[in-house]
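Asker: Quick one: sequence and predicted model below, then my questions.
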Amino acid sequence: MSPSMLAIARVLRHIGAAGMVPRIDRTVLTVAHAVPGQAGGPAPATHAPGRRNFCGCEHGALPRRDENLARFTTWTHQALARLPEGEHRDVVRRFSHWHLLRRMHGIEQVSNGTYLRSKQTVTVAIDFLTWLDDRETTLQALAQADLHAWQAGGPTTREIASRFLAWAIKTKLVDPQLRMQPHRRGTSPTMSAH
């Protein structure tokens, strides 16, 4: 443990804040960035800017908080509430956690574009699974005709479900032969000048 981490541990023990830290000993110091009562959300407005990073981040004991990563994590929990309890909620939870969040954790700083793309990917996956429910079709029974109907029956943003489909194939939730028709620029009908 670095000298700065040991100093932080001593201060926390001295002020009686050890209960805020999951484990403090000579070999491990684990501290979360989460603000109490906000489960990974941003600091309250009354919190001095940068203060939450002073003790841990400014002295190298903690990595800097990635706001887009925290925003996506919070948003994902809220988005999952749109799905009823059951298989599809669990599938989207696993997709967002083991595919999207895992990739985000591999990035030094999650960009706003990555955050927005990931949100849209989860939103389209939820819409796709809801659409399957409306058709009384399970992921295991998903057929190529279902994918064609999904794409033909809505906007081109439905193609984004291909990201979810690729993950579902990789995790053996669907037939590996399934494919979505990719959207190609310039293939939409043009409007006449009249």
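Answerer: Yep, it's here.
Asker: what residues are up against residue 127?
Answerer: If you count contacts by CB atoms under 8 Å, 6 or more residues apart in numbering, residue 127 has them with 158, 161. To be clear about C-beta, it is placed using only N, CA and C from the backbone, and glycine gets the same treatment.
Asker: so it is in which element?
Answerer: In the assignment (DSSP states H and E), residue 127 maps to helix 112-134.
Asker: What does residue 109 show for phi and psi?
Answerer: With angles defined as degrees, to the nearest 10, residue 109 sits at phi -140, psi 120.
Asker: Pretty sure it sits against residue 66.
Answerer: Yes. If you go by CB atoms under 8 Å, residue 109 and residue 66 touch, sitting 6.0 Å apart.
Asker: Who has more neighbours out of those two?
Answerer: residue 66 (18 against 11; other CB atoms under 10 Å).
Asker: I'd like to know how far that one sits from residue 115.
Answerer: Separation of residue 66 from residue 115 (CB to CB, to the nearest Å) stands at 10 Å.
Asker: mind checking the end-to-end distance for stretch 74-94?
Answerer: 15 Å (CA to CA, to the nearest Å).
Asker: Give the buried residues for it.
Answerer: 75-76, 79-80, 83, 88-89, 91-93 (16 or more other CB atoms under 10 Å).
Asker: Looking at those, spot the one nearest residue 132.
Answerer: residue 88 (7.8 Å; CB to CB).
Asker: Could you pull up the residues touching the closest one?
Answerer: By CB under 8 Å, 6+ apart, the contact list for residue 88 reads 129-130, 132-133, 139.
Asker: Weed out the non-buried ones from those residues.
Answerer: Buried members of the contacts of residue 88, scored by 16+ other CB under 10 Å, are 129, 132, 139.
Asker: Just the closest of those to residue 122, please.
Answerer: Closest to residue 122, out of all of these and judged by CB to CB, is residue 129, at 10.7 Å.
Asker: mind checking how far the closest one is from residue 165?
Answerer: Distance from residue 129 to residue 165, by CB to CB: 11 Å.
Asker: Spell out the residue ranges of the strands in this structure.
Answerer: With strands called from DSSP state E, the chain shows them at 23-24, 29-30.
Asker: worst average pLDDT in the ones you listed?
Answerer: Within these, confidence is poorest for strand 29-30, with a mean of 38 (mean pLDDT).
Asker: ok, residue 100 - contacts?
Answerer: Contacts for residue 100 (CB under 8 Å, 6+ apart) come out as 72, 118, 121-122.
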